[in-house]
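Student: Sharing a model that was predicted from the sequence below.
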Amino acid sequence: MLRYTLKRLAVGVLTLAALATITFFLMKIIPGSPFGGELAQLSPEVREMLYAQYNLDKSIPEQFFIYIRNAITGDFGESMTRKGTAVATIISRCLPATMKLGFAAFVTAIVVGVLLGVIAAFTKQRWVENLVMFFATIGVSVPSFLYAIMLMIVFGVVLGWLPIIGLKTPLHYIMPAFSLALYPISMITRLVRSSMKEVMKQDYIVLAKSKGTPTGRIILGHALKNCLIPVVTYAGPLLAFLITGSFVIENLFSIPGIGSEFVNSVTNRDYTMIMALTILFGSFIIVVNILTDMLVAFIDPRVKLDKKSA
Amino acid sequence: MSLLEIKNLTTSFSTEQGSVQAVRGISLAVDQGEIVGIVGESGSGKSQSMYSVMGLLSENGRVEEGSILFDGKEISPKYFDGNEKAYEKYMESIRGNTLSMIFQDPMSFLNPVLTIEKQLVEPLKNHRKIPAAELHQRAVELLTQVGIPSPEERLKQYPHQLSGGMRQRVIIAIALACTPKMIIADEPTTALDVTIQAKIIELIKELKEKTGSGVILITHDLGVVASACSRIYIMYGGKIVETGLADEIFYSPQHPYTQGLLACVNNPESDNELQPIPGSPPDLISPPAGCPFVDRCSQAMKICKQYMPREKRLSETHGVSCWLTEKGGI
Amino acid sequence: MEQIQNIEGLQLTPDLFEPLSEAEKNSEFIAAAPRTYLSDAWHRFKENKLALCGLVFLLIMVVMAIVVPMLSPYSYEQMDYGAINLLPCTEHPMGTDKFGRDIFVRVMYGARISLLIGFSSAFICLVIGVVYGGFSGYIGGKVDMVLMRIVDILYAIPNLLIVILIMLVFGSNVGSIMIGICLTSWIGMARLVRAQVMSLKEQEFALAAYVLGASTPRILFKHLIINCMGSIIVNVTLLVPSAIFTEAFLSFVGIGISAPAASWGTLANEARTLIESSNPIQIIWPILAICLTMLSLNFIGDGVSDAFDPKKK
């Protein structure tokens, strides 16, 4: 187990290195510069100073090696659009809000999704199943910015129950978290229902019945564990996606989060921010993938970790 | 009184194409301490009739008619006055307890994510009040009883870590956990290698001797029943076409289908070539009015097409449903 | 034994015991007319009313998206300051926006862009994913390992970064949105096909084809890919809506299709500013269009995955 984890982490670090290299050179081919319009107004000396400060006067491979050398020591440089502020400072300021919101949405999605999925799979009332599945289908058919706008209009503007801007109190989390969670809730509901129905048709459920085990215990003891496998595979990437923030939701609810920071840094060609955030997001994805694989192996003994690993 | 007595059992499945009449009014009886074989090809209704007894039909299946008397109590769902809950509750109390089933496919009938021990002790947990410490002891005994070496280690393992024969033994051990009065074995050897088949049949015979249970052995393989069963029912197209003691079936088969089945078995004592039965089983959505075997029968007569043959008793134990038996009387 | 039916009162006469001729038997009975895999799936798809409705709606949408901008007297960018923010009327079935542009034409024009992006990027992903995943899974070994590590790295790059980078390099147009979407979403398809091919190639029919001397591409495409067609098609029905979502999201944020061209995302964004103003009904149309189209696509997707489920025969 430990050997496996170390191996996966080593591969992860290699992947990150490749990721950083690709992103670095990709980013350099974008036309334009982080200093945009202000560059023209600067005197040649100031411009040179600015370029020297960010090593932009050197050749691109040279810039890359300097960047990597610094990054390994944990120095991700200064933001290019907000001069004098370290990238690390910006990230540590924005990340907590986004992560808290992401976790709230994640937990909501898993709990509500699994619950609704199980209800839809086992209810004897045909209309309950149809109703749940109808909403679950609408849920995957509506873009999240629409939920957000609709929630804002109904609960924020018309009813005035919930605050619209920022993340000051727990109450502030409700609308943005739900806007983020509605799509995954619907996905998980559909996933759990169909995999539950599939599992209940399996031969080993018949064998469990033939032992005289009551239905309730068959669902909890035999079926749930099997039907969680696809849910876990879906939930892993979902977590990585949610904790890296959503530009639209953060924008609409005026939340100073990492998601809007990322989109802004790309459109402003803030090279250092792009690099730092890509490496951060990349490592989230890699770590979450390792955790997902380990969790799947924990649930399903047929999955052999060591054999599958790279 | 017999341990299990089935009368006129009819089971159907609703499908997109229509209602499939899988079992069409069969009657049979099994006594304590005897092994009875039900033989037929796939789709003859032999497994579904036993699933009807166990109350394990899939959602679209339904027992339409008939009585199932087990251990002196009527357990056909319709005798519970449409009270599904009461039926389920009663069946839960006997399934795995006094009435248990051994399944066909050792690959798919064990839950892949639970340990052998967990699956093995489940019937005991359901029906016997046994302290946790003793449960483990019982599990070890059960595995030893079905001939699995180093049971302590096996109990901790998962199904995929065991071989097919081993898994089949585990399935048998699960069925035996509460020493049932009646065991229904649904093709327990079909998925296994020939060498292991014989061992499994020996095991079932041995266990019957020890516990005195009644056993129904469902199979499509006459070789299997020859070595184990005292009485045999031959099923075709959802009906029982011939019944008798093993000797009667093997040495004087009356129904052309039974004769055909025997011609398919390789008999080392004769030089006859194997004779396949041409054609395929009847469509049970709109079953034929007459004998289900008529279209494949080499001796078919006009009457066979129109009228269902009645059962003719040739001896106390030997019965056959075929118009040929009446031919001489005309 | 069984209850005896049709028996009482039956007169047994010798002619009843005449042999039955072979012609009177129907021995080779076939339970159902043989159907090919695809027509069988189509048959089951037709049974699903919701999926059929979705298909009809989508077809209507496609036809309207092609025909309406061609036939309408208005163009998507033609402004008319004499008729701004009109409510729906006979000349403008969905009203006009703040520049006096006809919303109906703009929504249909948006449908062109959204559907074009949805279907073509799904198709491109299908081709790339099937070829890449197919070869990776079939060849296996070192080649597979290298190909899969490349996929892992691409997977770790945030999708948004790739899409935005492409858009910045190639400009904000339909083509670059498509490239961006394809670069990120073929990965799922490739992984799916690889996994399926890896398990299928172990089966006997693949070995049989190999023994018979079939070439590698032939085994791969004629035998293996055909056998995982069901899950590939189901995956495609998921790719189309997700591509439309991505485009709508980019345009909504303001980095997708730029004005005066219109997609459903830009329309929703333009109309967003109007929520509290004079004519909130304007936002309804693009939202309605996108939601109904997505709903149809999802119903079709459900129908297709049911139709291809081998256990639902």
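Tutor: Cool, got the structure. Numbers count the residues shown, from 1 in each chain, chains lettered A, B, ... in the order given.
Student: which bits of chain B sit near chain A?
Tutor: Taking CB under 8 Å from any CB of the partner chain, the part of chain B that reaches chain A is made up of B:54, B:56, B:58, B:88, B:91-97, B:100-101, B:103, B:105, B:108-114, B:119, B:122-123, B:126-127, B:158, B:160, B:171, B:174-175, B:177. From N, CA and C alone the C-beta is placed, and that goes for glycine too.
Student: Can you show me the strands along chain B?
Tutor: Along chain B, the segments classed as strands by DSSP state E run B:4-15, B:18-30, B:35-39, B:61-70, B:73-74, B:99-102, B:182-186, B:214-219, B:231-236, B:239-245, B:311-313, B:319-321.
Student: Going by contacts, tell me the helices and strands next to the last one.
Tutor: Just to be clear, that refers to strand B:319-321. With contacts taken as 3 or more CB pairs under 8 Å, 6 or more residues apart in numbering or on different chains; DSSP states H and E, strand B:319-321 sits against strand B:239-245, strand B:311-313.
Student: In CSV, list the ones you listed along with distance to residue B:37, mean pLDDT and mean neighbour count.
Tutor: Compiled in CSV, those are given as follows (distance: least, CB to CB, whole Å; pLDDT from 0 to 100; neighbours: other CB atoms under 10 Å in any protein chain shown):
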stretch, distance to residue B:37, mean pLDDT, mean neighbour count
strand B:239-245, 10, 91, 25
strand B:311-313, 18, 84, 16
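Student: can you tell me the helix or strand for residue 133?
Tutor: Here I'm looking at chain A. Following DSSP states H and E, one finds residue A:133 within helix A:126-139.
Student: Not quite, go with chain C.
Tutor: Applying DSSP H and E, one finds residue C:133 within helix C:103-139.
Student: List the residues that contact residue A:62.
Tutor: Taking CB atoms under 8 Å, 6 or more residues apart in numbering or on different chains, we find residue A:62 in contact with residue A:55.
Student: before we move on, what about residue C:20?
Tutor: If you count contacts by CB under 8 Å, 6+ apart, residue C:20 has them with B:294, B:300, B:301, B:302, B:304, B:305.
Student: Mind doing that once more with 6 Å?
Tutor: Applying CB atoms under 6 Å, 6 or more residues apart in numbering or on different chains, we find residue C:20 in contact with B:300, B:301, B:302.
Student: The closest residue to it other than its chain neighbours: neighbour count?
Tutor: Using CB to CB, 6 or more residues apart in numbering or on different chains and skipping residues adjacent in sequence, the residue nearest residue C:20 is residue B:300, 4.0 Å away. When neighbours are defined as other CB atoms under 10 Å in any protein chain shown, residue B:300 has 24 of them.
Student: got the phi/psi numbers for residue B:300?
Tutor: Per-residue torsions, residue B:300: phi -60, psi 150 (degrees, to the nearest 10).
Student: rewinding a little: quick one: closest of the helices and strands packed on strand B:319-321 to chain C.
Tutor: strand B:311-313 (3.7 Å; CB to the nearest CB).
Student: Can you tell me the element the residue nearest in space to the middle of chain A falls in?
Tutor: Central residue of chain A (CA atoms, centre = their mean): residue A:241, 1.4 Å from the mean position. Secondary structure assignment for residue A:241, by DSSP H and E: helix A:224-243.
Student: Work out the gap between that helix and the centre of the chain.
Tutor: With CA atoms, centre = their mean, to the nearest Å as the basis, helix A:224-243 stands 12 Å off its chain's centre.
Student: where are the low-confidence patches of chain B?
Tutor: Across chain B, the ranges flagged by pLDDT under 70 are B:266-275, B:328-330.
Student: ok, back up a step: helices or strands up against the helix holding residue A:133?
Tutor: Packing partners of helix A:126-139 (3 or more CB pairs under 6 Å, 6 or more residues apart in numbering or on different chains; DSSP states H and E): helix A:87-122, helix A:170-200.
Student: Can you give me the buried ones in that helix?
Tutor: Judged by neighbour count using 16 or more other CB atoms under 10 Å in any protein chain shown, the buried positions of helix A:126-139 are A:129, A:132, A:133, A:136, A:137, A:139.
Student: Stretch B:56-64 too?
Tutor: Buried, per 16+ other CB under 10 Å, within stretch B:56-64: B:56, B:57, B:61, B:63.
Student: Name the helix or strand for the spatially most central residue of chain C, please.
Tutor: For chain C, residue C:237 is the residue whose C-alpha lies nearest the centre (CA atoms, centre = their mean; 2.7 Å). According to DSSP H and E, residue C:237 maps onto helix C:229-253.
Student: average pLDDT across that helix?
Tutor: For helix C:229-253, mean pLDDT rounds to 82.
Student: quick one, that helix and helix C:103-139 angle?
Tutor: Calculated by axes from the mean of the first three to the mean of the last three CA atoms, to 10 degrees, helix C:229-253 forms an angle of 140 degrees with helix C:103-139.
Student: Next, the angle helix A:170-200 makes with helix C:229-253.
Tutor: Using the same axes, to 10 degrees, helix C:229-253 lies at 170 degrees relative to helix A:170-200.
Student: which SS state does residue A:56 fall under?
Tutor: coil (DSSP: H, G, I helix; E, B strand; the rest coil).
Student: Give me the phi and psi for it.
Tutor: Per-residue torsions, residue A:56: phi -80, psi -10 (degrees, to the nearest 10).
Student: gap between it and residue B:143?
Tutor: Using CB to CB, to the nearest Å, one gets 73 Å for the distance from residue A:56 to residue B:143.
Student: And residue A:197, by the same measure?
Tutor: Residue A:197 is 33 Å from residue B:143, where distance means CB to CB.
Student: neighbour-wise, which of these two wins?
Tutor: It is residue B:143, of residue A:197 and residue B:143, that has more neighbours when counted by other CB under 10 Å, with 23 against 15.
Student: Check whether that one really touches residue B:150, as I assumed.
Tutor: No: in this structure, residue B:143 is not within contact of residue B:150 by CB atoms under 6 Å, at 8.9 Å.
Student: out of the buried residues of helix A:126-139, who's nearest chain C?
Tutor: Nearest to chain C among those is residue A:137, at 5.3 Å by CB to the nearest CB.
Student: Identify the residue nearest the closest one in space, chain neighbours excluded?
Tutor: Of all residues not flanking residue A:137 in the chain, residue C:298 sits nearest, at 5.3 Å (CB to CB, 6+ apart).
Student: give me every residue that touches the one you found.
Tutor: A:137, A:140, A:141.
Student: at 7 Å instead, please
Tutor: Applying CB atoms under 7 Å, 6 or more residues apart in numbering or on different chains, we find residue C:298 in contact with A:137, A:140, A:141, C:241.
Student: among the residues you listed, which two are most distant?
Tutor: Spatial extent of the contacts of residue C:298 (CB to CB) is set by the pair A:137 and C:241 at 11.2 Å.
Student: quick one: low-confidence parts of the chain?
Tutor: Let's take chain A. Scanning chain A for pLDDT under 70 picks out the ranges A:31-42, A:304-310.
Student: that's the other chain; I wanted chain C
Tutor: Across chain C, the ranges flagged by pLDDT under 70 are C:1-11, C:22-35, C:76, C:80, C:83, C:85-86, C:98, C:258-260, C:271-280, C:309-313.
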